[in-house]
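In: Below: sequence and its predicted model.
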Amino acid sequence: MKVLVVGGAGYIGGSTVDSLIGEAGHEVTVYDNLMYEDKYLKPVDFIFGDIREERLYTDIIHRYDVVVWLAAIVGDGACTVDPELTKEINYHSVIRLVDSGYKGKIVFTSTCSVYGINNDLIDESAKPNPQSLYAKTKLAAEEYIKFNCPNALIFRLGTLFGLSDQFSRLRLDLVANILSLKAVNGEPLTVFGGEQWRPLLHVRDVADAITHGIEGDVMGLYNLVSENFTILNLAMAIRCACPVPVDIVESDVKTEDLRNYKVKGDKYYATGWEPEYSLEVGTAELMEVLQQGRIKDTSNPVYSNHAFHKNNV
């Protein structure tokens, strides 16, 4: 099949393109504005473009059997920098996609953040409770797709971690990646509260799940998660995986991030997919890269969505 990966130069896009080409042999094109990059050298068909451009909806997408829509401003902090831009990118662009008359399959990545605060172990039937603009725009977009595109595949992604591919940037603003960086630097892992739950998922497992869904013509809304951890247990697991001694400091100071949710991924597992990369394997791989000094300046804003957008207002 001919697959257009919109946002394919990003953190999820890098491994998704590799999976679609390498494992499944699809004909893949990346459409991306290289927001975080100054070049794109992966040997794959590439269209430089912004999702606000009319040509994407009137011409380009109609050439493809499948559109994988990864383009978004991701994260609570990043979305607050320019709320109007967030709404344009995360919601209105999706409306244009759906309303374009596109007849192929849409694969859309949403977020488990739509659940917000929920003390139960929840599945896709749980009532959304979004706490941020990021979650609200993603929920609105997925609902528009769901009610207008019955053959679409929508994923609510857990909190990602790990390394993607050789070409896309590393994200160091994700909780497991942040703690891994601190650990290899010998810094204490400060945990605020610590009882908040997060469903984790390796970024390369997202890629495999997308390929699986396209290959099997899976449709509908699915949670995509691997393991649920409290923030404290996550810190403990990362301390165990770290090759150097590291302390955990528990703080009573309340975090501004009130999200708390444990998520079940059984519905997508039932289609025949299962995650491959555990937290232990993913963080060990990341720590090795960091210890070897392969990231010259880990404080560079490009590795943090919030810092990058704040610096580029």
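Out: The structure has been received and is ready for your questions.
In: Quick check: next helix or strand after the longest helix belonging to the chain?
Out: In the chain, assigned by DSSP state H, the helix with the most residues is helix 133-148. Heading C-terminal from helix 133-148, the first helix or strand you meet, by DSSP states H and E, is strand 153-157.
In: How about residues contacting that next one?
Out: Strand 153-157 is contacted from outside by 105-112, 114-115, 124, 142, 145-146, 201, 206, 209-210, 213-214, 218-225, 263, 268, using Cβ atoms under 8 Å, 6 or more residues apart in numbering. C-beta: built from backbone N, CA, C; applies to glycine.
In: quick one on the thing from earlier: in the longest helix of the chain, what's buried?
Out: Within helix 133-148, the residues scored as buried using 16 or more other Cβ atoms under 10 Å are 133-142, 144-145.
In: for this protein, what are the low-confidence residue spans?
Out: Counting by pLDDT under 70, the ranges of the chain that qualify are 23, 256.
In: Show me the helices in it, by range?
Out: In the chain, the helices defined using DSSP H lie at 11-22, 54-58, 76-81, 83-87, 93-99, 133-148, 175-184, 203-215, 231-241, 266-269, 279-291, 305-311.
In: could I get the ones you listed as CSV with distance to residue 194?
Out: Formatted as CSV, those follow (distance: least, Cβ to Cβ, whole Å):
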stretch, distance to residue 194
helix 11-22, 26
helix 54-58, 43
helix 76-81, 19
helix 83-87, 29
helix 93-99, 35
helix 133-148, 22
helix 175-184, 12
helix 203-215, 24
helix 231-241, 3
helix 266-269, 27
helix 279-291, 16
helix 305-311, 22
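In: Compare those and give me the one nearest residue 70.
Out: Across the helices of the chain, residue 70 has its closest neighbour in helix 11-22 (5.1 Å, Cβ to Cβ).
In: ok so, going back, who does the longest helix of the chain touch, helix- and strand-wise?
Out: helix 76-81, helix 83-87, helix 93-99, strand 105-111, strand 153-157 (3 or more Cβ pairs under 8 Å, 6 or more residues apart in numbering; DSSP states H and E).
In: For residue 37, which of the ones you listed is the nearest?
Out: Residue 37 lies closest, by Cβ to Cβ, to one member of the helices and strands packed on helix 133-148: helix 76-81, at 16.2 Å.
In: Looking at this protein, which residue reaches furthest from the middle?
Out: Relative to the C-alpha centroid of the chain, counting by Cα atoms, centre = their mean, residue 245 is the outermost residue, at 29.9 Å.
In: CA-only coordinates of stretch 33-41 in CSV, if you can.
Out: Output in CSV follows, covering the C-alpha atoms of stretch 33-41 (Å, rounded to 0.1, in the frame of the first residue of the first chain):
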residue,chain,number,x,y,z
ASN,A,33,7.6,20.7,8.2
LEU,A,34,10.8,19.7,10.1
MET,A,35,9.7,21.8,13.1
TYR,A,36,12.4,20.4,15.3
GLU,A,37,15.0,19.5,12.6
ASP,A,38,17.2,21.4,10.2
LYS,A,39,17.5,18.4,7.8
TYR,A,40,15.9,15.1,7.0
LEU,A,41,18.3,12.5,5.5
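In: Just checking the distance from it to the centre of its chain.
Out: With Cα atoms, centre = their mean, to the nearest Å as the basis, stretch 33-41 stands 18 Å off its chain's centre.
In: Then stretch 150-157?
Out: Distance of stretch 150-157 from the chain centroid (Cα atoms, centre = their mean) equals 14 Å.
In: Quick check: buried residues in it?
Out: Buried residues in stretch 150-157, defined by neighbour count with 16+ other Cβ under 10 Å: 152-157.
In: my guess is residue 272 contacts residue 209, does it?
Out: No - look at residue 272 against residue 209 with Cβ atoms under 8 Å: they stay out of range, at 10.8 Å.
In: Compare these two and say which is more crowded by neighbours.
Out: Counted by other Cβ atoms under 10 Å, residue 272 and residue 209 do not tie: residue 209 has more neighbours, with 27 against 10.
In: rewinding a little: which residue packs closest to the residue farthest from the centre of the chain, ignoring adjacent ones?
Out: Leaving aside its chain neighbours, residue 245 sits nearest to residue 186 (7.6 Å; criterion: Cβ to Cβ, 6 or more residues apart in numbering).
In: isn't the one you found right next to residue 246, touching?
Out: Yes - when contacts are counted by Cβ under 8 Å, residue 186 is listed as touching residue 246 (6.6 Å).
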